[in-house]
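1. Can you look at this prediction? I've put the sequence above it.
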Amino acid sequence: MHPDSRSISRFFQGLAEVCPVGQLEHFHLIHWPIEPPSPLDPLREAGFRGRVVVARASLADAIRREHPGVDLVLDDHPTAGAMAGHLLMELPQGREASRLAIDAALAALRDEESRLWLFGNRESGILSVSKGYDGVETVLCKGHLRLLSLSRGSRLRSEKTVLRSFAPGADGFASLEAAGLRVALRPGIFSWQAIDPATLLLLEAIREQPGRRLLDWGCGSGFLGAALARRFPDLRVVLSDDLVTATHCARRTVEWNGLAERCEVITEDGIGRNLERMRFDAIVTNPPAHRGVRSNHDATLTFLASAAGVLHPGGVLWLVGSRGLDYGTLMRSRFGQVEERDGDDAFTVWRGVKTREKRVSGSGGRVRDGQWLEADGADPAFRDRLNAWGRGS
């Protein structure tokens, strides 16, 4: 989804020549890479002092580390609901998600002098936006990145097929019925048009109650955690996701199904400040394999390094993944008993048990591009297996 670091630096340095950076009131990011180069560096050098609105907890954490004084809010609305004079926004992935975000951004512009400055690359669909809206101007091209300028009066030239799959209710959520649940959906979350078959396979594999307290990590719409809460009436569930839109959907899903008293929803990156203080009898996950349109397993690999730390002894990790990804190899570095419990031609369900004999020395690091970083204190066996897995060994 993202160009190389040199192209990114050139693009944001050149942006100041065509965009009134000092007048930008909001800067909205959704899938942008966590690692440097940060677009905030050249923007702040050019005079940007506005609010940064990010749609992922991981982005919020990274920006707070690199720019501790920045005005930052975690929200999936481009301006967090405020009116704006000038707004710089990353184009979301997907036709429906892009349309909704652009409409929200244009509606938030204060007057006819206000502008939406929209950036993205070819994979994000920026060329389609430049051709599909009236009153749009391409003001910067650097490599595969483009910057567009739209006014409050910019309109889509044709409504045909753009939102053909999204029919929201008055509250802004679409819904579907699955496993006796009403599930809340919005464009931008994983598998937002239907329940993913891997998730259904994992749900089918869990036939006995997985203890009293369960974590649904990377919960998306909240379907899996809510379905297990419905199946086991004394089960308490925490649902967690990095993406704000996903946790909005998950929260609505548990509310619609009368499960709010037993389900807590958290927006957090990996095993973060909230989850690391909790303990669970089981974790279930259909872990993320993409960030935007590009494959990216970093969040999952970092999660696997720390998942055992929030399980009670004897606790179980249930994980479903593509049959081509050998998650079992990594799980065996952290869990004493690991087995394939179910599967089909496309997916495998793994079950790992935290045994007293299998002690690990802490999480101690994070992952970037399949390589373990800041690994002091991390289990060496896990680190070695992780780096081999990242190289495709």
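-> Yep, that arrived.
2. low pLDDT regions in the stretch 201-350 of the chain?
-> Filtered on pLDDT under 70, the stretch 201-350 of the chain yields the residue ranges 289-297.
3. What are the boundaries of the strands in it?
-> Assigned by DSSP state E, counting those that start in this stretch, the strands in the stretch 201-350 of the chain fall at 213-217, 236-241, 263-267, 280-285, 290-291, 294-295, 311-322, 337-343, 347-353.
4. How many neighbouring residues does Ala179 have?
-> Neighbours of Ala179 under the rule other Cβ atoms under 10 Å: 16. C-betas here are computed from N, CA, C, even on glycine.
5. before we move on, back to that, nearest to Val70, of the strands of the stretch 201-350 of the chain?
-> Evaluated with Cβ to Cβ, the strands of the stretch 201-350 of the chain place strand 263-267 nearest to Val70, the distance being 18.7 Å.
6. Who are the packing partners of that closest one?
-> helix 223-231, strand 236-241, helix 244-256 (3 or more Cβ pairs under 8 Å, 6 or more residues apart in numbering; DSSP states H and E).
7. Put together CSV for the ones you listed, with distance to Gly172 and mean neighbour count on each row.
-> Output for those, formatted as CSV (distance: least, Cβ to Cβ, whole Å; neighbours: other Cβ atoms under 10 Å):
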stretch, distance to Gly172, mean neighbour count
helix 223-231, 18, 25
strand 236-241, 18, 25
helix 244-256, 9, 24
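8. Figure out which of these is closest to Leu40.
-> Nearest of those to Leu40, taken as Cβ to Cβ: helix 244-256 at 19.2 Å.
9. so that closest one versus strand 213-217, what angle?
-> Between the axis of helix 244-256 and that of strand 213-217 there is an angle of 140 degrees, by axes from the mean of the first three to the mean of the last three Cα atoms, to 10 degrees.
10. gap between helix 244-256 and the chain center?
-> The chain centroid and the centroid of helix 244-256 are separated by 14 Å under Cα atoms, centre = their mean, to the nearest Å.
11. Alpha carbons of that helix, as CSV, please.
-> In CSV, the C-alpha atoms belonging to helix 244-256 read as follows (Å, rounded to 0.1, in the frame of the first residue of the first chain):
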residue,chain,number,x,y,z
VAL,A,244,-11.8,2.2,15.8
THR,A,245,-14.4,1.4,13.2
ALA,A,246,-14.2,-2.3,14.2
THR,A,247,-14.7,-1.6,17.9
HIS,A,248,-17.7,0.6,17.1
CYS,A,249,-19.2,-2.3,15.2
ALA,A,250,-18.4,-4.8,17.9
ARG,A,251,-19.9,-2.6,20.6
ARG,A,252,-23.1,-2.3,18.5
THR,A,253,-23.2,-6.0,17.9
VAL,A,254,-23.1,-6.9,21.6
GLU,A,255,-25.7,-4.2,22.4
TRP,A,256,-28.1,-5.4,19.7
